[in-house]
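Asks: predicted coordinates and the sequence they were generated for:
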Amino acid sequence: MRYVSTRGESPSIGFLDAVLAGLAPDGGLYVPERWPTFTPEEIAAFAGQPYAKVAAAVVGKFVGDDVPAEDLALMCEEAYSTFAHAAVVPLKQLAPGRHLLELFHGPTLAFKDVAMQLLGRLYDYVLSRQSRTMTIICATSGDTGGAAVEAFRGRAHARIVALFPEGRISEVQRRFMTTATDKNVACVSIQGSFDDCQAIVKQAFQDDQFRHAVDLSGVNSINWARIAAQSVYFFTAAVALCAPARKVAFVVPTGNFGDAYAAYVATRMGLPVARIVAATNSNDILARAFEDGRYARGAVSATQSPAMDIQVASNFERLYFEAVGRDGVETGRAFRAFASTGLLDIPPSAHAKMRELFQGASVSEADTTKTILSTLNETGEVIDPHTAVGVAAANVLRLADPATPVVVLSTAHPAKFPEAVAAAAGVVPTTPRATPDLSKKPEKFDRLPADAETVKAFVRVFAGGQG
Ligand SMILES: Cc1ncc(COP(=O)(O)O)c(C=O)c1O
Ligand SMILES: N[C@@H](CCOP(=O)(O)O)C(=O)O
């Protein structure tokens, strides 16, 4: 299996090289050269299988010969044994035809654990064989950082630097990162937005000298292994609802567009999906892009679903690449121009292609609050504000076939956002018993301006100090 850049100017590389590389040298994102597929019979056979087994089959299609199948299977088994629920990602019925896919039973209570627990093991596996230690940098609007710190802390072959936007994430999210005492972890509060953090990460990758000096890698959803691992739960949820015999619609709370794009990946692998709804909060660049064909950056506003306070959705470039017929030159032109102007008019034919599967929905703060309360009153479920954005979008969704089951991704445990949930529903969600109490632990993090050179200097010192 080979991987090509969305900008068409980097040579194709194998799976493990693509995973470790993060961003392609031309600034694009790696995607598989061709889509691996499952037959309908193979998909149907996933029903009732342990999650780890389905994960090994789906991720294995992308890994190819780079890792022996039995080693990958073992990594999947270990990764998903860290989850508190036997089903790993249970599907819960809210109402007839309406389901929640609970993705928050991992160690840091957000969907990021599903991929990150596997990535931590995969990096260890590869880097220990190469006697190599890499510096992983990640930008986080709250959840990727905690999941990455948990997955990589204490590992001998990786050091991790997490950049988060100052004052714009919840205390629980912050503490999942900043209370780690391991020497290979550094957390940095950046005076800016998540978009600033992500721009710094991308600039770091494009500085060859820096990239080599610290042996840079990335575990944001720029990393194909993240997308591959996140595509698995679309299969398990759909087959539980009788796919491939019937189609399912997914409503995905969306920010950086990794999860919604992973749903698209599942469709390219053969999963029949009726619709993918990208549900955003008031940071609605993607909802607008799907609805009116203009991908236009606005100012980031702070909401009660902070992990989705994003205006530049990294993975949209991957979908654009597909929609323009895998034209790397056009994708490079479009996204370089977007980086400087903040505007991309999607060609009508590409927009029509996207609309065959995707639609956008933007949910206001008031509707998010109302949905937390109404979901509690009507179903007894306490949901977090990100999940509420998805549920609110599902409540107004009209499908061609109203009998199509709708699955809303429940992306975080409500206890990660206790203030917002208490304000909306009058209940204070508590963390599951197995989760350590981080509220009294001392925190350790640095504060830096949103400036790539300053952050790179910090990372150099951190990586150098680690030997
Ligand atoms: C709880 C939660 N929900 C939804 C999202 C949005 O997911 P994505 O960035 O893959 O669109 C995030 C952040 O990624 C998140 O942390
Ligand atoms: N919402 C994310 C933002 C980063 O997304 P990623 O999927 O690209 O890692 C977060 O919680 O950090």
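Replies: Perfect, I can see it now. Ligands and ions are numbered 1, 2, ... in the order given.
Asks: near ligand 1, which residues of this protein show up?
Replies: Contacts of the chain with ligand 1, taken as Cβ under 6 Å from any ligand atom, map to 110, 141-143, 221, 253-260, 307-308, 386, 411-412. The C-beta positions use only the backbone N, C-alpha and C, and glycine is treated the same way.
Asks: narrow these to those in strands?
Replies: Using DSSP state E, the members of those that fall in strands are Pro253.
Asks: what subset of the residues of the chain next to ligand 1 is also close to ligand 2?
Replies: Among these, the ones lying near ligand 2 by Cβ under 6 Å from any ligand atom are 141-143, 221, 255-256, 258, 307.
Asks: now those residues: which count as buried?
Replies: Listed as buried from those are 141-143, 221, 255-256, 258, 307; burial here means 16 or more other Cβ atoms under 10 Å.
Asks: how about these in JSON lines, adding distance to Val4 and pLDDT?
Replies: Shown next, in JSON lines, are those (distance: Cβ to Cβ, whole Å; pLDDT from 0 to 100):
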{"residue": "Ser141", "distance to Val4": "28", "pLDDT": "97"}
{"residue": "Gly142", "distance to Val4": "31", "pLDDT": "96"}
{"residue": "Asp143", "distance to Val4": "29", "pLDDT": "98"}
{"residue": "Ser221", "distance to Val4": "17", "pLDDT": "98"}
{"residue": "Gly255", "distance to Val4": "25", "pLDDT": "98"}
{"residue": "Asn256", "distance to Val4": "21", "pLDDT": "97"}
{"residue": "Gly258", "distance to Val4": "19", "pLDDT": "98"}
{"residue": "Ala307", "distance to Val4": "30", "pLDDT": "97"}
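Asks: possible to save those as TSV with distance to Leu448?
Replies: Listed next are these as TSV, based on distance: Cβ to Cβ, whole Å:
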residue	distance to Leu448
Ser141	17
Gly142	18
Asp143	21
Ser221	23
Gly255	22
Asn256	21
Gly258	25
Ala307	21
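Asks: hey, where'd the helices end up in the stretch 351-467 of the chain?
Replies: For the stretch 351-467 of the chain, helices defined by DSSP state H, counting those that start in this stretch occupy the ranges 365-379, 385-395, 418-425, 452-466.
Asks: off-centre distance for stretch 237-253?
Replies: 19 Å (Cα atoms, centre = their mean, to the nearest Å).
Asks: tell me the mean pLDDT over that stretch?
Replies: For stretch 237-253, mean pLDDT is 97.
Asks: tally of neighbours for Arg246?
Replies: Using other Cβ atoms under 10 Å, Arg246 has 14 neighbouring residues.
Asks: my read is it is in a helix, agree?
Replies: No - assigned with DSSP: H, G, I helix; E, B strand; the rest coil, Arg246 falls outside any helix and is coil.
Asks: show me the residues of the chain next to ligand 1 that map onto helices.
Replies: Members of those lying in helices (criterion: DSSP state H): 143, 258-260, 386.
Asks: any chance you could list what contacts the worst-scoring helix or strand of the chain on mean pLDDT?
Replies: Ranked by mean pLDDT, DSSP states H and E, the weakest helix or strand in the chain is helix 452-466, scoring a mean of 94. With Cβ atoms under 8 Å, 6 or more residues apart in numbering as the test, helix 452-466 has contacts from 133, 135, 137, 159, 161, 163, 183-184, 186, 188, 190, 199-200, 203-204, 207, 210, 213-215, 446, 448.
Asks: now with 7 Å?
Replies: 135, 137, 159, 161, 163, 183-184, 186, 188, 200, 203-204, 207, 210, 213-214, 446, 448 (Cβ atoms under 7 Å, 6 or more residues apart in numbering).
Asks: just say which of the helices of the stretch 351-467 of the chain is most tucked in.
Replies: Ranked by mean neighbour count, the helices of the stretch 351-467 of the chain are led by helix 385-395 with a mean of 29 (mean count of other Cβ atoms under 10 Å).
Asks: now do Ala289 against Tyr320, distance only.
Replies: Look at Ala289 and Tyr320: by Cβ to Cβ, to the nearest Å, they are 9 Å apart.
Asks: so who does the closest residue to Phe15 other than its chain neighbours touch?
Replies: Nearest non-adjacent residue to Phe15, counting by Cβ to Cβ, 6 or more residues apart in numbering: Asp66, 4.4 Å away. For Asp66, the contact set (Cβ under 7 Å, 6+ apart) comprises 14-16.
Asks: in the stretch 1-150 of the chain, which residue sits nearest ligand 1?
Replies: The stretch 1-150 of the chain approaches ligand 1 most closely through Asp143 (3.3 Å), counting by Cβ to the nearest ligand atom.
Asks: contacts only, for that residue.
Replies: For Asp143, the contact set (Cβ under 7 Å, 6+ apart) comprises 110, 112, 173, 307, 412.
Asks: give me that answer again for 10 Å
Replies: By Cβ atoms under 10 Å, 6 or more residues apart in numbering, the contact list for Asp143 reads 104, 108-113, 116, 169-170, 173, 176-177, 255, 306-308, 386, 411-412, 416.
Asks: you'd agree Trp35 is up against Ser231?
Replies: No - if you go by Cβ atoms under 10 Å, Trp35 and Ser231 don't touch, sitting 11.1 Å apart.
Asks: between the two, what contacts are shared?
Replies: 61-62, 265, 267-269.
Asks: among those, which ones are in helices?
Replies: Counting by DSSP H, the shared contacts of Trp35 and Ser231 contribute 61-62, 265, 267-268 to helices.
Asks: leaving out the residues flanking it, which one is nearest to the residue positioned nearest the centre of the chain?
Replies: Residue closest to the mean C-alpha point of the chain, counted by Cα atoms, centre = their mean, is Gly258 at 4.4 Å. Of all residues not flanking Gly258 in the chain, Ser221 sits nearest, at 3.1 Å (Cβ to Cβ, 6+ apart).
Asks: and for Leu118?
Replies: Using Cβ to Cβ, 6+ apart, the nearest residue to Leu118 is Ala79, at 4.3 Å.
Asks: same check, this time on Gly426
Replies: Nearest to Gly426 is Leu373, by Cβ to Cβ, 6+ apart, at 8.0 Å.
Asks: show me which positions of stretch 54-71 end up buried.
Replies: Within stretch 54-71, judged by 16+ other Cβ under 10 Å, the buried ones are 54-63, 66-67.
Asks: can you give me the end-to-end span of it?
Replies: 15 Å (Cα to Cα, to the nearest Å).
Asks: distance from that stretch to the middle of the chain?
Replies: 20 Å.
Asks: try stretch 389-403
Replies: With Cα atoms, centre = their mean, you get 22 Å for stretch 389-403.
Asks: span of it from start to end?
Replies: Terminal-residue distance, stretch 389-403 (Cα to Cα): 22 Å.
Asks: quick one: mean pLDDT for that stretch?
Replies: Averaging pLDDT residue by residue across stretch 389-403 gives 97.
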